[in-house]
Structures are given as C-alpha cells and as structure tokens.
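Visitor: prediction below, plus the sequence it came from.
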Amino acid sequence: MNLLFADFLRVVLFLSILFAMSLPLSIYLERVFSGQKTFADRVLGPIENYILRFLKVHSEAEQTDESCVGSLT
C-alpha cells in the first residue's frame, strides 16, 4: 500500500471516530453541566462518595475565600 494512501486512510479513520463520538459526548457533557444524572453516576458515584468520606470533604459545602487561598499555599 502506498504510504500516502495509508496516511490518508488514517486521517479519514480519525475524523470518522471523532465525528461519531461528538454527539454522545456532547449529550453527556450537557447532562453533567446541567446537574442531571448520567450513566457514570451509578458506577463512579459510590467510589467518589467513599473517597470524599475518607478525606472528610463535604461535597455540598461551598468553598470560602480563605479556604481557597489556604489550599493554594
């Protein structure tokens, strides 16, 4: 196979995969940013809750200015 043709096929394959993933990924991101439940919440939610409980982090509490500056130093 000609090298130029193989490179062309590689680009076409990449763009096809990128195009195929754009709609499902945009739907997922829309649900995440609007606060709706996603399929990842069922799988990763218990793991996240365990880690937050272990680190004693309150996920519902907002971070104050002082705690933000303290976490940066």
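Guide: On my side now, so go ahead. Numbers count the residues shown, from 1 in each chain.

Visitor: which parts of stretch 11-26 are buried?
Guide: Within stretch 11-26, no residue is scored as buried using 16 or more other CB atoms under 10 Å. In this view, the C-beta of every residue, glycine as well, is placed from N, C-alpha and C.

Visitor: find the centremost residue of the chain, please.
Guide: Central residue of the chain (CA atoms, centre = their mean): L29, 7.7 Å from the mean position.

Visitor: now do the SS call for S59.
Guide: coil (DSSP: H, G, I helix; E, B strand; the rest coil).

Visitor: where does it fall, phi/psi-wise?
Guide: In terms of degrees, to the nearest 10, the main-chain angles of S59 are phi -70, psi -20.

Visitor: so what's the nearest residue to it once chain neighbours are set aside scoring on pLDDT?
Guide: Closest residue to S59 apart from its sequence neighbours, by CB to CB, 6 or more residues apart in numbering: L52 at 5.4 Å. pLDDT recorded at L52 is 88.

Visitor: pull up the gap between Y50 and V32, please.
Guide: 20 Å (CB to CB, to the nearest Å).

Visitor: only the C-alpha atoms, please, for the helix or strand the residue nearest to S59 falls within, written as CSV.
Guide: Per DSSP states H and E, L52 falls inside helix 39-55. The C-alpha trace of helix 39-55 is given here as CSV (Å, rounded to 0.1, in the frame of the first residue of the first chain):
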residue,chain,number,x,y,z
PHE,A,39,-24.6,6.6,33.5
ALA,A,40,-21.3,7.4,35.2
ASP,A,41,-23.0,8.4,38.4
ARG,A,42,-24.2,4.8,39.1
VAL,A,43,-20.7,3.4,38.6
LEU,A,44,-18.4,6.2,39.9
GLY,A,45,-20.8,7.7,42.5
PRO,A,46,-20.1,5.2,45.3
ILE,A,47,-16.4,5.4,44.7
GLU,A,48,-16.5,9.2,44.8
ASN,A,49,-18.6,9.1,48.0
TYR,A,50,-16.1,6.7,49.6
ILE,A,51,-13.1,8.9,48.7
LEU,A,52,-14.9,12.1,49.9
ARG,A,53,-15.9,10.4,53.2
PHE,A,54,-12.3,9.1,53.7
LEU,A,55,-10.9,12.6,53.1
